[in-house]
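Chemist: quick check, what structure comes out for this input:
(one chain, ligands or ions: 1)
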Amino acid sequence: MFDPNKLKAFNEQQLSEHENNWDYLGKRLTQKGFDLDALVDEIGAFQIAIPSWALGTGGTRFGRFPNGGEPASLEDKIKDVGILHALNKSSGAISLHIPWDIPQDYKAVKDLANGLDIKFDAVNSNTFQDQSGSDHSYKFGSLSHTDVAVRKQAIQHNKEVIDHGVQLGSKALTVWLADGSSFAGQHNFRRAFQRTLDSLEEIYNHLPSDWKLLIEYKPYEPNFYSMVIPDWGTSHLMASKLGDRATTLVDLGHHLPNTNIEQIVAVLMHLNKLGGFHFNDSKYGDDDLTVGSVKPYQLFLVFCELVQGMRETSNPELSWMIDASHNLKDPMEDLLQSVESIKIAYAKALLVDYDGLKAAQMLNDVAAAQFILQDVFRTDVRPLVKESIYRKGGALDPLAAYRTFDIRNNLIKLRGLDSKSTGL
Ligand SMILES: [Mn+2]
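Modeler: Numbering: from 1, shown residues only. I've put the predicted structure just below:
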């Protein structure tokens, strides 16, 4: 999609300004005792999976306004992630949704991804909509359905998703259930819970020994009275009953307003039960907005817990994924902005003086504790993030490079204006 020489020329134009900024920040960090090369390597190594469904324009239930040039096949989705990764060197993984992304030729798909330095992160099952030709409908639920035949179909689907993932080298299955009720009296809560747990147990037993099950939760939507797995407590309860390889997945948008998500992250990691993360941002609900666009301080606080949890607990390695998609931006620009926000929050969390924070906490010095966090949050770490991308051969400013290379128009020329991404 672009010539590496163009990227070199683009970076050369930005280099002297970057070097000034990096020099200034680097000196300050060195004075504070940080090893700059180690920091740059740590940030550079952090990879965030791109969800296959976010490469097309998202919609609302009212309408959809695509930009054109969308990837209509799994191969094109992988190529789009390849473009993002070439620019930001931080998106070296893709998370697939089955049945939208069923590979026709595993080897060809794996070769394509390998060539672009892309791995396959968690695979996602879909029992929230009916597929043409299927025997049973999920209108009234899937894993929790009152009819055993529907439950069997949903369990079988999840097993098949695992089998596809095994072929590609994935190591996790994410289950998000739309199951629930929209009216009081519709569900028997206890029976729906038990049926879901029993169904998940069958799926869990199909997992290869080196796989994780990620159980996602959501308080409402598409059902508006109750969801079978509405919160982290229910997800954790199920994961605990299933076994070691069952974990909870936190999606930032799947909480009621003002929920303290960083506290949830801390406690789950303390119990070694946080399996994965879906990044996005929201103002009111599951808005799926660009990461860091509404609540950057919350994102930073979440990352402070993630960094401390990774250092101090035995929590398993996490799956890092974006789960966002909306109506207005070019999806590729949106994803570049999301990944940048995640890296900025991660970089800041690495700079926090956790020993000083612990000392302030033990003395109940509340003002000092707040200062330690906010001092870092108010530091502009963009030169550190840019340096980490630059050293890996990416663009000093991935979004500006994407625009300079006119990538969307090139994709439209290649695929047409009406090309639609599958699954949306
Ligand atoms: Mn999600």
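
Chemist: and the protein, which of its residues are near the ion?
Modeler: 251, 278, 323 (Cβ under 5 Å from the ion). For every residue, glycine as well, the C-beta is placed using N, CA and C.

Chemist: tell me which of those residues fall in strands.
Modeler: 251, 278 (DSSP state E).

Chemist: what would the residues of the chain next to the ion look like in JSON lines with pLDDT and neighbour count?
Modeler: Shown next, in JSON lines, are the residues of the chain next to the ion (pLDDT from 0 to 100; neighbours: other Cβ atoms under 10 Å):
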{"residue": "D251", "pLDDT": "98", "neighbour count": "23"}
{"residue": "H278", "pLDDT": "98", "neighbour count": "26"}
{"residue": "D323", "pLDDT": "97", "neighbour count": "26"}
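
Chemist: N280 touches L289, doesn't it?
Modeler: Yes - assessed by Cβ atoms under 8 Å, N280 is found in contact with L289 at 6.2 Å.

Chemist: who has more neighbours, those two?
Modeler: N280 (26 against 22; other Cβ atoms under 10 Å).

Chemist: which residues touch the more buried one?
Modeler: 251-253, 287-291, 322-324, 338 (Cβ atoms under 8 Å, 6 or more residues apart in numbering).

Chemist: tell me the pLDDT of it.
Modeler: N280 is assigned 98 on the pLDDT scale.

Chemist: residues touching the nearest residue to it once chain neighbours are set aside, list them.
Modeler: Of all residues not flanking N280 in the chain, A324 sits nearest, at 3.9 Å (Cβ to Cβ, 6 or more residues apart in numbering). Listed by Cβ under 8 Å, 6+ apart, the contact partners of A324 are 54, 279-281, 288-291, 334-335, 338.

Chemist: kindly recompute the last result at 6 Å.
Modeler: Applying Cβ atoms under 6 Å, 6 or more residues apart in numbering to A324 gives the contacts 54, 280, 288.

Chemist: list just the nearest of those residues to K79.
Modeler: Within the contacts of A324, proximity to K79 (Cβ to Cβ) peaks at A54, which comes in at 14.7 Å.

Chemist: surely the closest one touches S325?
Modeler: Yes - the pair A54 / S325 is scored as a contact, 4.6 Å apart, by Cβ atoms under 6 Å.

Chemist: the more surrounded of these two?
Modeler: More crowded of A54 and S325, by other Cβ under 10 Å: A54, with 27 against 22.

Chemist: excluding covalently adjacent residues, which one is nearest to the residue nearest the centre of the chain?
Modeler: Residue closest to the mean C-alpha point of the chain, counted by Cα atoms, centre = their mean, is M321 at 1.8 Å. Leaving aside its chain neighbours, M321 sits nearest to A49 (4.3 Å; criterion: Cβ to Cβ, 6+ apart).

Chemist: list the buried residues of the host helix or strand of A359.
Modeler: Element membership for A359, per DSSP states H and E: helix 354-362. Buried residues in helix 354-362, defined by neighbour count with 16 or more other Cβ atoms under 10 Å: 357, 360.

Chemist: burial measure for V267, as a count.
Modeler: Neighbour tally, V267, other Cβ under 10 Å: 15.

Chemist: one more: the one 5 residues further on?
Modeler: Burial measure for N272: 14 neighbouring residues, criterion other Cβ under 10 Å.

Chemist: next, the nearest residue to it once chain neighbours are set aside: secondary structure please.
Modeler: The shortest distance from N272 to any non-neighbouring residue, by Cβ to Cβ, 6+ apart, is to N315 (4.8 Å). Secondary structure, DSSP: H, G, I helix; E, B strand; the rest coil: N315 is coil.

Chemist: N315 contacts L271, doesn't it?
Modeler: No - N315 lies out of contact with L271 (Cβ under 6 Å); the separation is 8.1 Å.

Chemist: who has more neighbours, those two?
Modeler: Of the pair N315 and L271, N315 is the one with more neighbours under other Cβ under 10 Å, namely 19 against 15.

Chemist: how about that one, what does it touch?
Modeler: Shown in contact with N315 (Cβ under 6 Å, 6+ apart): 269, 272, 274, 309.

Chemist: of the residues you listed, select the buried ones using a PyMOL command.
Modeler: This is the PyMOL syntax for the buried subset of these, where burial follows 16+ other Cβ under 10 Å:
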select buried, resi 269+274+309
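
Chemist: can you tell me which of the contacts of N315 end up in strands?
Modeler: Short answer: these in strands (DSSP E) are L274.

Chemist: make a markdown table from the contacts of N315 and add distance to N124 and pLDDT to it.
Modeler: Output for the contacts of N315, formatted as a markdown table (distance: Cβ to Cβ, whole Å; pLDDT from 0 to 100):
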| residue | distance to N124 | pLDDT |
| --- | --- | --- |
| M269 | 23 | 98 |
| N272 | 23 | 98 |
| L274 | 18 | 98 |
| G309 | 24 | 98 |
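
Chemist: of all the contacts of N315, which two lie farthest apart?
Modeler: N272 and G309 (9.4 Å).

Chemist: K329 belongs to a helix, doesn't it?
Modeler: No - K329 sits outside any helix when classified using three-state DSSP, being coil.

Chemist: the residue of the stretch 51-200 of the chain at minimum distance from the ion: neighbour count?
Modeler: In the stretch 51-200 of the chain, the residue that lies nearest the ion is W176 (5.9 Å; Cβ to the ion). W176: 21 surrounding residues under other Cβ under 10 Å.

Chemist: and if you look at F224?
Modeler: 11.

Chemist: also R378?
Modeler: Around R378 there are 8 other residues, counting by other Cβ under 10 Å.
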